[in-house]
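[1] With the sequence up front, the predicted model follows.
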Amino acid sequence: MRTFGEWSYTCDRAATVEAYSQESGGGVETCGCIWCRNFLLARDHVFPLAFTDLLRSLGIDPHKDGEVYHNGRLAPGRHDYAGWFHFIGSLERTGDFPVVELGAGFTVWLCTGGAPALQSLKGNGLVQLEFHCTNVPWRLNEPEPVTGASAHRGGRRSG
């Protein structure tokens with residue numbers, strides 16, 4: 001049994017690694033919207049080392065998200081995004097626990113997997129690892145939209 005914050009969970013790392021190896025990319029690679037294209041360029045600068053280390057310890061490829069979405073423009077050049085990854089396992093201790101801060105403006109929490117997942121993970125017991133970041137820079141070499149929130153949620157959809 002492992003713990004993260006106040007959650008307790010199990011993880012089948014080998015099965016998770018195998019599932020991710022079958023995918024060519026995550027949600028941001030499958031979407032052509034401006035928000036996902038920006039996140040694709042920014043994610044390696046946004047994900048704290050503690051987060052990528054956590055993902056890798058679970059068998060998750062940091063470049064293969066289940067979905068990422070844009071919540072809004074906070075200021076010129078600064079955006080709010082959130083999203084999730086999944087791993088094969090189960091939550092053993094759940095609750096309304098505080099999120100875990102892994103960096104300035106970057107929080108993470110666990111929940112039972114119910115959101116769209118990569119195709120190779122479907123049919124397994126999944127734990128959802130959600131993240132929220134308020135420090136995403138504008139990296140695209142095209143004009144930054146000035147609207148506050150995006151109606152688009154990029155990424156894969158279950159169907």
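    Nice, I can see it. Numbering: from 1, shown residues only.
[2] Tell me the gap between the biggest strand by length in the chain and the middle of its chain.
    For the chain, the strand reaching the highest residue count under DSSP state E is reported as strand 78-93. Centroid separation for strand 78-93 versus its chain: 5 Å, with CA atoms, centre = their mean, to the nearest Å.
[3] packing partners for the helix or strand of the chain with the lowest mean pLDDT?
    The weakest-scoring helix or strand in the chain, judged by mean pLDDT, DSSP states H and E, is helix 27-30 (a mean of 92). Packing contacts for helix 27-30, counted by 3 or more CB pairs under 8 Å, 6 or more residues apart in numbering; DSSP states H and E, involve helix 34-46, strand 67-75. Where C-beta positions appear, they are placed from N, C-alpha and C, glycine not excepted.
[4] ok, 10 Å please
    Packed against helix 27-30 by the contact rule (3 or more CB pairs under 10 Å, 6 or more residues apart in numbering; DSSP states H and E) you find helix 34-46, strand 67-75, strand 78-93.
[5] which helices and strands does the second one pack with?
    Okay, so that is strand 67-75. Where contact means 3+ CB pairs under 10 Å, 6+ apart, strand 67-75 is packed against helix 27-30, helix 34-46, strand 78-93, strand 126-137.
[6] go with 7 Å
    helix 27-30, helix 34-46, strand 78-93 (3 or more CB pairs under 7 Å, 6 or more residues apart in numbering; DSSP states H and E).
[7] Can you identify the element that follows the last one toward the C-terminus?
    It refers to strand 78-93. Heading C-terminal from strand 78-93, the first helix or strand you meet, by DSSP states H and E, is strand 100-103.
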